[in-house]
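Colleague: Everything below, folded, please.
(chains A and B)
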Protein chains: 2
Amino acid sequence: MEVAALLTSAGINIAVCVTLFSIYSVLRKQPSNFTVYFGRRVASKRSKNVNFCLERFVPTPSWILKAWETTEDEILGIGGLDAVVFVRILVFSLRVFSIAAAVCLFLVLPVNYHGKDRLHKDIPLESMDVFTIANVQQHSEWLWAHCLALYVITFSACSLLFFEYKSIANLRTLHIIGAPPSPSLFTILVRSVPWSPEESYCETVKKFFSSYHASTYLSHQIIYKCGTVQKMKDDAEHVFRVLKDGTMENTSKPIFTHCCSCGGNTNSFQMINVERNSALESTTNTSPDLDMRKKECAAAFVFFKSRYAALLASKILQSSNPMLWVTDVAPEPQDVYWSNICIPYRQLWIRKIATLIASIAFMLVFLLPVTFVQGLTQLDKLQKMFPFLTEILKSKMVNQVVTGYLPSLILVLFLFAVPPMMMLFSSLEGCISRSGRKKSACWKVLYFLIWNVFFVNVFTGSVISQLSVFSSVADLPVQLAKAVPSQATFFTTYIFTSGWASLGCEIMQIYPLLCNFIQRLLKLNDDSQNGTQNFPYHTEVPRILLFGFLGFTNAILAPIMLPFLIIYFFLAYLVYRNQFLNVYVAKYDSGGQYWPIVHNTTVFSLIFAQIIALGVFGVKHSPVASGFTFPLVVGTFLFHQYCRQRFLPSFKSNSAQTAIDMDRRDEESGKLREIHQHLHSAYCQYGLLHDPDLPRCFSHCDPDEEDAQFSPQRSLKGKEILKKEKSGSFHRTSSTKAVVLGGM
Amino acid sequence: MEVAALLTSAGINIAVCVTLFSIYSVLRKQPSNFTVYFGRRVASKRSKNVNFCLERFVPTPSWILKAWETTEDEILGIGGLDAVVFVRILVFSLRVFSIAAAVCLFLVLPVNYHGKDRLHKDIPLESMDVFTIANVQQHSEWLWAHCLALYVITFSACSLLFFEYKSIANLRTLHIIGAPPSPSLFTILVRSVPWSPEESYCETVKKFFSSYHASTYLSHQIIYKCGTVQKMKDDAEHVFRVLKDGTMENTSKPIFTHCCSCGGNTNSFQMINVERNSALESTTNTSPDLDMRKKECAAAFVFFKSRYAALLASKILQSSNPMLWVTDVAPEPQDVYWSNICIPYRQLWIRKIATLIASIAFMLVFLLPVTFVQGLTQLDKLQKMFPFLTEILKSKMVNQVVTGYLPSLILVLFLFAVPPMMMLFSSLEGCISRSGRKKSACWKVLYFLIWNVFFVNVFTGSVISQLSVFSSVADLPVQLAKAVPSQATFFTTYIFTSGWASLGCEIMQIYPLLCNFIQRLLKLNDDSQNGTQNFPYHTEVPRILLFGFLGFTNAILAPIMLPFLIIYFFLAYLVYRNQFLNVYVAKYDSGGQYWPIVHNTTVFSLIFAQIIALGVFGVKHSPVASGFTFPLVVGTFLFHQYCRQRFLPSFKSNSAQTAIDMDRRDEESGKLREIHQHLHSAYCQYGLLHDPDLPRCFSHCDPDEEDAQFSPQRSLKGKEILKKEKSGSFHRTSSTKAVVLGGM
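Modeller: Sure thing, here's the model as predicted:
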C-alpha cells in the first residue's frame, strides 16, 4: 500500500466523521430526538423546552465545548466511578501515546526511512513499508534508537499506570466513604443453604445466623425461584389448580406472600403479613405454605447491623464443608442479577468451565469470516473470485477504497455480533450481579478482539497457519517480528474504520435514532422505550484497550500509526464524555473494577511489544539491542507483580478500617436505625419482574433517587470527611488513620 | 536389558534389604543405640533398661509386628496429623496399585507379550521390551485392553482420592476441635505495621487494635530483629559502647527487656517489668528505649479474646492500603520460624520470585551429573571412556551389575544434595512457619524429582535433547509415547535402588548411627545431640509421590514394574510406621497440609499417564482407543476441579462454625480465662535462640507437654464432642450443626 492510499482512506474517514459530527450537532437540537440524545436527562426529568429558530439547523461545536469543560467530579456524579475510570483510560492512552509519538516520530521514523541506501520516491508514492522497521538493514547500528524508544515508552507507561492505579484506588475508597449508606454494604448473599427435611430454608438461615452471628444478625430475605422456566411451570400449575378447584379464589395468594414472608419488619408490609398469617391460620389447608417451601431457593440475603459485620461474614469460611453456607458480598439492589442468584452453587464451577470452553470455541469458529475478510485485502484474489469486478477494480480510486477501507468495514460489521454473544456466555456463567456480568463479558470480548483482530490478521497474512504458531513457543518472537510490520498498514486502516468511524456511529446513536424515527412515524408513544441505556463497557473498554495494544506493538515497528491513534483517542475523549453527560444512565456501578483489567492488558501489551522487539532485534542480528531489551521484559513483569500486590486486594474487598469508620460515623450521627429500617425493603425480587399481580414493594429504586446516588457531592463528601479526620475532628481514630492514609 | 539382568538387580537389592533389616533388628536391641533408634522415646523419657542376653544378637521380626499392629489413632497421637497423612499416602498407593497390578498383569501383560507374532525365547533370556507396549503391533485390535485398564486405574484412583480427601478433611476438623487449646488459634501475626516518627511500633499496634478491634483485642507482642547479621551488629555496637563508656553496667539491660516489654501480664514477668520501668524512670538517659525502638520489627503477634475474633482479624483486609497491616494466622509457638518473621513484608514478593528463578536454575544445572549417569547405562560408552575396564566389563556378572545397578546408585547419591538446597531456598523465600517452609520445600523437591528423574531420563535416553521437547507442545504426547516405554527398565531398577535400598538406609539411620558410634568412641556425652529429629516430609513425600508417578505412567506401558512397586509401598508402610513410633519427634505439625500436594500430584500423574496413552494409541494408529481416552482426560480434570472447590478451602482456613463452637465450649467450661493467661507467655522469641543471657521465658514448650499435645485422646476427644453435640447435649447449636456435619 502506498502512502497516498493510506491518506485517501484517512481522508474518507475524516470526511465521514466530520459529516456525522455535524449531523449530530443538528439532530441533537431537534426536540423530537431528545429521547435519543438526552436519554439521561429525560430519565432524570430535567429536559427543557426549545423554541423553533434557525439556529437549530446550523451545525455548532457547542457540544464539544461542553464535553471538554466538564470536570471529573461532574462525570463521577453522573456516571459513577466506572465512567471516571473509562475517561481515565482515554486520558492515560492520550498521555502515553503522545510521549510515544514524540519519541518515535522524531527518532525512530527517520531511522526507518533512511534504513537502507536506496533511491527514495516522492513521499505520496512511497510504499508504507519504507516507514516500518522492515526497511532497516541487518546488523544496523541504528537499532539502538528503537531500543531507546522502547525504554522511554515502557518507563512512561509504567509510571503513568502506577499513578493512575494509585489514584483510582484512592478514589474508590473515597467513593465508598462518601457514598450515602448503601444497603449492599450491610448485606451478604448466602448460597448453598443446607437442605433439611424438617425446616424450610428460611428457618434454617434464621437458626444458623442467630446462632453463629447472634450479636450482629438483623434479618434475612429468602430468594424465590424465578426465571422463565419457573414462570411457565407456575402458570401450568396455576391453570391445573384452577381447573381442578373450579374457583379462582385462592390462586393469587401464594404469589402475594413471596415478597413479604421474610424481612417484613417495616410498617408497609406488616399489614399484608398479618393478613397472610390470619388467612393461613383460618384455613386447615396448608398447601400454600408447602407451595412456598417448594419455590424457595437455597439462597438468601442476610442483613447485618453494621457494615463491618457484613464484611466479616462475607469473607469467612462459614462451615467446615466449603460447599455449604457460601457467603458473598451482596451486590447493590439495582445491580442484582436475580435469575442467576437461584442457580445452585454446586453448578457454578461446571458452568464456568463450560462457558470458558464455549467462548474459546466461539473465538475459533469466528476465524472463518475473518479469513475471508483478510482475503479481500488482496486484489488479485478478489478478481479471481468475482471476474466481473476486474474492470471496476482497474480504476485507481476504487482500488484504493477497496484495499484501504472495505476489508476493515466488513470485519467491523461481523464484530457487532460478538458482544451480545459474550454477554450471553457471562449470563450462563452464573454472575450474581449485572456489573459482574458486564465485567466478565468485558474480559471475554477483550480476549476475542486481541485474538481475532491481532493474531489472526498477523498470522493469516504471513506464512504460518493459525493455531500451529503456538505449538513452537520458542520461535514465536521471530515469527511475530516477521509478520507484524507487514500488517502495520492493515492496522492503521483498522484505526480509521473501526476507530474513527465507530465514534461517529456512537455519537449518532444510529439504532436508537431509527427506532425513534419509526416510532414517531407510527405515532407510537411508549414511555418505557425512551432510551435509558446503561453504558456498554463490555464493548467500549475492550475496543480502547485493543487500540492501545495495537499502538504499543506497532510503536517502534511502524511509528506512522501513532498520530492517527492520538486523533482517535482525542475524539474518543470528547465523544464519550458527551455520551456520559447526555445519553447513558448509570443504573449500576462496579466501583472501578474495570481498572485492573486495563492495567493487566496494558502490561500485557507492553511485554508483548517487548517480545516482538526481541524478535526483531534477533532477526536484524543486533545482540546488543536484544541484550538491553531482555531486562526491560523482566522489569515490566516485576512492576506488574508489585502492582498486583500493592493495589489489587483493595479492589477485591473493602478494608476493615473503612467499614468500621463508616459504621462509627453513622452510629454517632444516629443514622444507623434509619438505615436498618430501609434495609428490609431494599432488595425486592419481584419488583423487577414487572408482574402486575404483585405490589411494587421497593421504595428504594425510583429514578430520582438513583441520580442522587451518583451526585457530585458523593466524592466531595468523602474527601471532606477524610480532611476532617486528618485535622483531628474525629479524635478517636485520627492519628492511626493519618498514618494509614499517609502511607497510601 | 534381559529379564535375568532385572532379576539379578532385584535379587541384589532384596539381599541388601534383608541384610539391613536384620542388622537393624539386632542393633536396635543394643542399649548404646537407643538414642539412634528410639529418639522419640528417649526424648519423652520412656526408655526402659534392657539386660544383656543372647536374644539381643539374634535378628527378630518383632519390630515388623509392632509396626503392623499400631492403630491410626496411636500414629495420630505420636506423630500428629502429618504422620497420619503420610501413612495414608502409602495405604492409598498400596490400594490403587494393587488394583492396577491385578488388571495390568492379567489383562495387559499377556497382550503385550503376544503382541507380535514371533518366536519367544525362554523367559529369563527374553528382552524386557517384549513385556512393554512397544511389542504390540500397529493397528492392533487388542489396544482396547490398555484402554480398559486405563479406565479401571483412573476410576479406582479418583474414587479412592475422593474418599481419602474427604476423610482427611474430616480428620482435620476433628483434630482442631479435639485439640487442647492452642495459642495459635487465638493469635494473629501482623506484619508491615506502618512506621510513625512519634510512636514506637508497639504503641502503633496497640492503638490500632484497641481502636478497631476494641471488643476482642487482648494484648500483643512486638517482634524484635534477630538473625546472625543483627547479632553481629549488636555485638559490634555493644563493644563500641563498652569502649566508649568504659563500663559494662548498662549493656545487658536492653536485651533483658526484649521479651517482656509487651504482653507482660503474667506474674513471672511483672517483676522484671517493674524493675525495668523503675530503671528507666530513674535515669534521664533514654537511650535504652531508643535502642529498643531501633530493634523492633514492623511485626507483632496480636492476641485476641476468642478464636473467632482471631480468625476474623486474620482474614480481613485491615487497611485500604493492602501493603500495611498485613494479617496472617499465627503458626503454633514451636512452629514459628523466627528469623523470617522480621523480613519486611514488602520484600516477600520479590523473594518469592527470586527463589522460584533460583530453584529453576538449580533444576537445570543439575542436568549435568544426571546426563553423565545416564551415559553409564550404555556399556559401550563406558568402555570408550575407561578403556581399562573393557576386560572387567566382559564378565557377565559385572555387566549385569553395571547396567542394572550402578547408574541408579550414582543418581541416588547425587540426589542427596537436593533437599537441603531446596530447604535453603524455602528459608530465603520467607515462610513464617517451619511447617510452611517444609511444605514449600516439599513442592520444590517434588518438581525437581519429577523433572530430573522422569523427564530428563526419558528424553536423554531418546533422540530429543532436553528443553527443546517442550517447544513443540502438540508433539509432546507422541514423543513421550515413543520414549517412555524404552525407559521402563531404567525406572524399574530405579525402584530397586532408590526405593528398596533407601528404605534399608532409612531404617538403619546410617548417619546418626555413625555419629553415635564416633561419639561413644570418643566418650563424648552431649545430650543436645541425641537425635530428636523431625520427620523429613520434604524428602519422603516427594519420593513416594515420584514412585506413584512412575507407577501411573508405566502401568499400562510396562506392567511388569507394578509388583516391584507394590513391594516397595508395603515395605515403606512397615518401615515408616516403625520410624514414626520410635525415631522421629513431631515438634510441629502442618495439620494435614501435605494431602493437597498428594492429591494434585496424583491427578497430574493420572492425566499425564492418559496423555502418554493418547500418544501411544496415536502411534499405534488406534483411533478408537484414542477416542475413548480423550473423555477420560476431561473427566479427570473435572474431578480435580470439583475436589479443589469441595475440599481445598477447608485446608486453607478454619471455619467460623468450628471456631465459634470451640469458643463456646471453653466459655461454658470456664477455661477461657486460663487460656488468656497462658497466651502472653506462649510466643517467646528469644527462648529459641538459646541465648544464655536471656531468661528462658517460655512455660509452654517443654518436651513433656509436647507429647501430651499429640496424645491419642486428642482426636477421640473431637469425635466424642461431635457425638455429644449430635445427640443434642449442646442444645443451643445441635440441630444446625447436625445439618452441617451431615452434609460433610
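
Colleague: surely residue A:166 meets residue A:647?
Modeller: Yes. Counting by Cβ atoms under 8 Å, residue A:166 does reach residue A:647; the two are 7.1 Å apart. Yep, even glycine has a C-beta here, placed from its N, CA and C like the rest.

Colleague: more crowded one of those two?
Modeller: The residue with more neighbours, out of residue A:166 and residue A:647, is residue A:647; 21 against 15, by other Cβ atoms under 10 Å in any protein chain shown.

Colleague: what about that one, which helix or strand?
Modeller: helix A:623-652 (DSSP states H and E).

Colleague: Next: residue A:523.
Modeller: Using DSSP H and E, no helix or strand contains residue A:523.

Colleague: Pick out the residue in the stretch 251-400 of chain A sitting closest to chain B.
Modeller: residue A:322 (3.7 Å; Cβ to the nearest Cβ).

Colleague: that older thread, can you confirm whether the helix holding residue A:647 lies near chain B?
Modeller: Yes. Interface with chain B: helix A:623-652 contributes A:638, A:641-642, A:645-650, A:652 (Cβ under 8 Å from any Cβ of the partner chain).

Colleague: Could you list every helix and strand in contact with that helix?
Modeller: With contacts taken as 3 or more Cβ pairs under 8 Å, 6 or more residues apart in numbering or on different chains; DSSP states H and E, helix A:623-652 sits against helix A:143-178, helix A:594-619, helix B:345-365.

Colleague: Could you check the angle the last one makes with helix A:623-652?
Modeller: Counting by axes from the mean of the first three to the mean of the last three Cα atoms, to 10 degrees, helix B:345-365 points 130 degrees away from the direction of helix A:623-652.

Colleague: Now helix B:345-365: buried residues?
Modeller: B:345, B:348-349, B:355, B:358-359, B:362-363 (16 or more other Cβ atoms under 10 Å in any protein chain shown).

Colleague: List the contacts of that helix.
Modeller: Helix B:345-365 is contacted by residues A:638, A:641-642, A:645, B:191-192, B:298-299, B:323, B:326, B:343, B:421-422, B:425-426, B:428-430, B:444, B:447-448, B:451-452, B:467 when judged by Cβ atoms under 8 Å, 6 or more residues apart in numbering or on different chains.

Colleague: quick revisit: for the buried residues of helix B:345-365, which one is nearest chain A?
Modeller: Scanning those for proximity to chain A, where the rule is Cβ to the nearest Cβ, the winner is residue B:349, at 5.3 Å.

Colleague: ok, residue A:96 touching residue A:156?
Modeller: Yes. Counting by Cβ under 8 Å, residue A:96 touches residue A:156, with 5.8 Å between them.

Colleague: Look at these two and report which has more neighbours.
Modeller: Applying other Cβ under 10 Å to residue A:96 and residue A:156 shows that residue A:96 carries more neighbours, namely 24 against 17.

Colleague: Where does the more buried one sit: helix, strand or coil?
Modeller: Under the three-state scheme (DSSP: H, G, I helix; E, B strand; the rest coil), residue A:96 adopts helix.

Colleague: any idea how far it lies from residue B:124?
Modeller: 74 Å (Cβ to Cβ, to the nearest Å).
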